[in-house]
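**Q** I would like to see how this sequence folds:
(one chain, ligands or ions: 2)
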Amino acid sequence: MDAAITVSGLVVDRGRRRVLHGLGFAVPPGQVTGLLGPSGSGKTTLMRTLVGVQQVRSGEVTVLGEPAGSPGLRARVGYVTQAPSVYADLTVRENARYFASLYGLTSREADAAVADVGLTGAAGQLVNDLSGGQRGRVSLACALVGGPEVLVLDEPTVGLDPVLRVELWELFHALARAGTTLVVSSHVMDEAARCDRLLLLRDGDLLAHSTPAQLRADGRSPDLEEAFLTLVRAREEVAA
Ligand SMILES: Nc1ncnc2c1ncn2[C@@H]1O[C@H](COP(=O)(O)OP(=O)(O)O)[C@@H](O)[C@H]1O
Ligand SMILES: [Mg+2]
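**A** Numbers count the residues shown, from 1 in each chain. Ligands and ions are numbered 1, 2, ... in the order given. Have a look, this model is predicted:
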């Protein structure tokens, strides 16, 4: 199959600043693509363009063959924002069932999504009473309910303990094996190793579009953070 997402010549300004400087790349289907870069590098802005909620200065973004944000994509693309966006005064189960009802789905499908993120034990609890990590997983469950073909997840593992983090990455790969295309952002380079493919952003430029193995080779280090820094320095030398 063709790319699940294609981006070309993407320029985005926020306020009076240019935030994305003409990005171009393609995301293959059925894989976990990591969007890695320091805070402020433009990860959230890029994800917002993928789901069609970001005003774009120029360029093209296509998702599943349609322009990003097309009405036809609404149920096919799931988006979990960096800050959990669920109802604090509803229980975990009620949140998932509410999202299911929006898609015309049953409570069984909602409960399955709650189970997928490991929250069955907390299903009857108010979101207000959950930890930050649990709230993030409620958001994820709500995004999974519709069985979207593309999942865009903005820093889903931030603040999670290492065990939960590993479990979530296993869930991401299970979803990818079932055919879902995932774009997962992180500012922590040690998560890069868990991705099938990597997009490395820095100051709104795409520094590399690669695999972990290729990045290690290009950056001449087994350590991905070290390899990333080598690429940054090489880029700066060219610029100087
Ligand atoms: N609403 C906004 N108005 C103006 N500038 C913004 C806004 N949101 C983000 N920015 C700027 O855009 C740049 C990229 O931000 P963002 O996409 O949130 O990066 P990341 O998610 O990688 O931390 C940053 O310099 C940030 O200050
Ligand atoms: Mg962000």
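**Q** would residue 12 count as being in a strand?
**A** Yes. Residue 12 sits within a strand when classified using DSSP: H, G, I helix; E, B strand; the rest coil.
**Q** which residues are in contact with the closest residue to residue 201 other than its chain neighbours?
**A** The shortest distance from residue 201 to any residue that is not its chain neighbour, by C-beta to C-beta, 6 or more residues apart in numbering, is 3.5 Å, and that residue is residue 37. Yep, even glycine has a C-beta here, placed from its N, CA and C like the rest. Taking C-beta atoms under 8 Å, 6 or more residues apart in numbering, we find residue 37 in contact with 43, 185, 187, 200, 201, 202, 207.
**Q** show me which residues of this structure are close to ligand 1?
**A** Taking C-beta under 6 Å from any ligand atom as the contact definition, the chain meets ligand 1 at 14, 15, 17, 19, 37, 39, 40, 41, 42, 43, 44, 45.
**Q** what's the closest of the residues you listed to ligand 2?
**A** Ranked by distance to ligand 2 (C-beta to the ion), those are led by residue 44 at 3.2 Å.
**Q** isn't that closest one right up against residue 83?
**A** No. The pair residue 44 and residue 83 does not pass the contact test of C-beta atoms under 8 Å, sitting 10.2 Å apart.
**Q** how many residues are close by the residue nearest to residue 81 when sequence neighbours are not counted?
**A** Closest residue to residue 81 apart from its sequence neighbours, by C-beta to C-beta, 6+ apart: residue 154 at 5.6 Å. A count of nearby residues for residue 154, using other C-beta atoms under 10 Å, gives 22.
**Q** any low-confidence regions in this structure?
**A** Within the chain, the stretches with pLDDT under 70 are 1.
**Q** quick one, helices of it?
**A** Listed in chain order, the helices found in the chain under DSSP state H are 43-50, 92-102, 107-116, 132-144, 162-177, 212-218, 224-239.
**Q** quick check: which of the ones you listed is nearest to ligand 2?
**A** Comparison of the helices of the chain against ligand 2 by C-beta to the ion identifies helix 43-50 as nearest, at 3.2 Å.
**Q** residue 44 and residue 83 - which one has more neighbours?
**A** With neighbours defined as other C-beta under 10 Å, residue 44 and residue 83 compare such that residue 44 has more, 18 against 11.
**Q** mind checking how far the more buried one is from residue 165?
**A** In this view, residue 44 and residue 165 are 20 Å apart by C-beta to C-beta, to the nearest Å.
**Q** one more: residue 214?
**A** 24 Å.
**Q** repeat that for residue 64.
**A** Distance, residue 64 to residue 165, using C-beta to C-beta: 28 Å.
**Q** same question, residue 107
**A** 29 Å.
**Q** quick check: closest non-adjacent residue to residue 222.
**A** In space, and not counting its chain neighbours, residue 222 is closest to residue 216: 5.7 Å by C-beta to C-beta, 6+ apart.
**Q** also residue 130?
**A** Ranked by C-beta to C-beta, 6+ apart and with sequence neighbours excluded, the top spatial neighbour of residue 130 is residue 122, at 6.6 Å.
**Q** what about the one you found, neighbour count?
**A** Residues near residue 122, counting by other C-beta under 10 Å: 19.
**Q** residue 206 too?
**A** Neighbour count for residue 206, taken as other C-beta under 10 Å: 21.
**Q** need the contact list for the nearest residue to it once chain neighbours are set aside.
**A** On the basis of C-beta to C-beta, 6+ apart, the spatially nearest residue to residue 206 that is not a chain neighbour turns out to be residue 23, at 5.1 Å. When contacts are counted by C-beta under 8 Å, 6+ apart, residue 23 touches 7, 9, 10, 46, 59, 204, 205, 206.
**Q** the last one touches residue 198, doesn't it?
**A** No. The pair residue 206 and residue 198 fails to qualify as a contact (C-beta under 8 Å) at a distance of 10.4 Å.
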